[in-house]
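Enquirer: Predicted model follows, preceded by the sequence.
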2 protein chains.
Amino acid sequence: MIADKLFKQVEEKGHVCLGLDTDYSYLPAGFAEKFDSAGEAIYNFNKEIIDATWDVVACYKVQIAYYEALGLEGLKAYADTLKYIKEKGSVSIADIKRGDIAKTAEMYAAAHFTGDFEADFVTLNAYMGINDSIEPFLKYVKENDKGIFVLVRTSNKGARDFQFIKDKNGVTLYETVGERLEAMAQENTGKFGFSSIGAVVGATNNEEGASLRNKMKSVFLLIPGYGAQGGKAEDIAVYLINGNGAVVNSSRGILLAYTKEENGHNDFAMCARREAIRMRDDILSHIKEA
Amino acid sequence: MIADKLFKQVEEKGHVCLGLDTDYSYLPAGFAEKFDSAGEAIYNFNKEIIDATWDVVACYKVQIAYYEALGLEGLKAYADTLKYIKEKGSVSIADIKRGDIAKTAEMYAAAHFTGDFEADFVTLNAYMGINDSIEPFLKYVKENDKGIFVLVRTSNKGARDFQFIKDKNGVTLYETVGERLEAMAQENTGKFGFSSIGAVVGATNNEEGASLRNKMKSVFLLIPGYGAQGGKAEDIAVYLINGNGAVVNSSRGILLAYTKEENGHNDFAMCARREAIRMRDDILSHIKEA
């Protein structure tokens, strides 16, 4: 079960999920010139980052939008990046946030759990309902060692527009989505108590996080927003159960770490490694305090 | 403004939006063998369908999931299909249902409004909020003749899971999303009174539809669910304003029309044309009655 593998990765390597949201503009000066196309340059940048970090991060989240923006050659780089993560023995999360009717969801499941774009986890959006948008992926969760992270309470300000709408009992939309996920997760837990049915939950430093985790004890959490989006290590502890059960994403903070060091562009992968280790230890230190 | 073009297409060619959800299994016996790959076969199937229908349908909706499921060669077929729709002077809707934080949404906008995957409209999911998931696309709506259809009330049963949750004032989530869209649409209407900021609304034969249209008078509507999903022509009239302002999608009903005619597999494109015309006239006849 992929949740068990992710649990072990966290235990051995810490909580960092490295977001490969690799925009072409992130490449160091002179790097792209060494390759025939923007797609190849981006793949090779990712490759060097992965080589320098696979032993200090739990997993990689690849945001497909950045690759789609480069068209077909971008998606070739996306496919190659996922393959390389697999080759290194790490765990990949395809950040695709798909959500559609069942027949279409079946197609998305085939697209991202098999073939060119095969990943270990995908992110999903449940607006169109559980049976349609989520259920078709569960076959792969149960039979093919795959996992999902469903959007529950996202880390952006705009999350409040709809996710915080309360029903007549005072229950927010995101809590309702979370409850439905927890029910499914409880029926599919692995040997460490967590399910491969996970949730995306933004880090917030208050009781809301504790309350949410209390209602969702079986789901693995993917926590975005560390660093560039304002999330802090001290906000993470509340989402962990015995120090595990969540990974924390950082993208730009790690990919662009080289821009903060003198001559960093000559050594971007090692700068990324140092920042990943700093982030890993930052989170670990706050867990120990908690 | 693309909403004006779509309005004229509806006026001249009727309300049919032909869904190119082209699954490989839909190809007639013997067809795929003529081509080197599944992707090429699917593109050529689409091409024949488009050649046979462009003058009797308002637009084409291309569901990207079916192409992603074939990996890179599928996405080549997707790109080629969009290009061919443009070449024929018709209107394309990229059914991608993306929704993410602003920086990622900017990438999706670049991906689907420029380059290999350029389409006239995209479908979007607003769960993560208006400023993040929707706003980054509006630049293209205002400056590049592009349009969006945002999920409001979808046609699937599972829509009830979350879209029907009522806040303390009894307003459903989908109505709240609809109101936000209408406010944006009102500021961006074209010469026929409709905006390129549109909504996806499932056809339902009751007062709910009339009430929703009454609250959203400026948005163009994309109505899925005709035919295979159970929607009927008599349910459409309530969504129209002076007979226009909406397109009605059918995918399998048209693509697989050939399976219902004797020797249809030898003549799949003409079978699709006949079904598209039947559907067009079915809708038009109910508008006249209304």
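Expert: The structure has been received and is ready for your questions. Numbers count the residues shown, from 1 in each chain, chains lettered A, B, ... in the order given.
Enquirer: just for chain A, where's the confidence low?
Expert: A:205-206, A:228-229, A:288-290 (pLDDT under 70).
Enquirer: Identify the bridge partners of the spatially most central residue of chain A.
Expert: Central residue of chain A (Cα atoms, centre = their mean): residue A:61, 4.4 Å from the mean position. On the basis of DSSP bridges, residue A:61 is bridged to residue A:19, residue A:93.
Enquirer: Stretch A:144-152 and chain B, any residue contact?
Expert: Yes: interface with chain B: stretch A:144-152 contributes residue A:151 (Cβ under 8 Å from any Cβ of the partner chain). (C-beta placed from N, C-alpha, C; glycine too.)
Enquirer: would you put the C-alpha positions of that stretch in CSV?
Expert: Coordinates of each C-alpha in stretch A:144-152 appear next as CSV, following Å, rounded to 0.1, in the frame of the first residue of the first chain:
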residue,chain,number,x,y,z
ASN,A,144,-2.7,-1.2,-7.8
ASP,A,145,-1.0,0.4,-4.8
LYS,A,146,-2.1,3.9,-5.8
GLY,A,147,-3.3,6.9,-3.7
ILE,A,148,-5.3,10.1,-3.8
PHE,A,149,-5.2,13.4,-2.0
VAL,A,150,-8.6,15.2,-2.2
LEU,A,151,-8.9,19.0,-1.8
VAL,A,152,-10.5,19.6,1.6
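Enquirer: Identify the residues contacting it?
Expert: With contact meaning Cβ atoms under 8 Å, 6 or more residues apart in numbering or on different chains, stretch A:144-152 is reached by A:1-3, A:6, A:93, A:97, A:113, A:120-126, A:134, A:137-138, A:140-141, A:163, A:174, A:177-178, A:181, A:196-201, A:212, A:216, A:220, A:222, B:127-128.
Enquirer: Now intersect the residues you listed with the helices, please.
Expert: Those of these mapping onto helices are A:2-3, A:6, A:113, A:137-138, A:140-141, A:174, A:177-178, A:181, A:212, per DSSP state H.
Enquirer: just the strands in chain A please.
Expert: Ranges of strands in chain A, per DSSP state E, are A:16-19, A:59-63, A:92-98, A:121-124, A:147-153, A:195-201, A:219-223, A:246-250.
Enquirer: re the thing from before, which of the ones in helices among the contacts of stretch A:144-152 come close to chain B?
Expert: When contact is defined as Cβ under 8 Å from any Cβ, the ones in helices among the contacts of stretch A:144-152 meet chain B at residue A:177.
Enquirer: could you flag which of the ones in helices among the contacts of stretch A:144-152 are buried?
Expert: Buried members of the ones in helices among the contacts of stretch A:144-152, scored by 16 or more other Cβ atoms under 10 Å in any protein chain shown, are A:2-3, A:6, A:113, A:137-138, A:140-141, A:174, A:177-178, A:181, A:212.
Enquirer: of all those, which two lie farthest apart?
Expert: By the measure Cβ to Cβ, A:113 and A:212 form the most distant pair in those, at 27.3 Å.
Enquirer: The residue located most distally from the centre of chain A and residue A:211, how far apart?
Expert: Using Cα atoms, centre = their mean, the residue of chain A lying farthest from its centre is residue A:168. It sits 32.7 Å away. Residue A:168 sits 19 Å away from residue A:211, going by Cβ to Cβ, to the nearest Å.
Enquirer: Repeat that for residue A:15.
Expert: 21 Å.
Enquirer: Looking at these two, which is more packed in?
Expert: Comparing residue A:15 with residue A:211 by other Cβ atoms under 10 Å in any protein chain shown, the one with more neighbours is residue A:15, at 29 against 12.
Enquirer: and of the buried ones among the ones in helices among the contacts of stretch A:144-152, the nearest to residue A:273?
Expert: For those, the nearest to residue A:273 is residue A:6 (20.7 Å; Cβ to Cβ).
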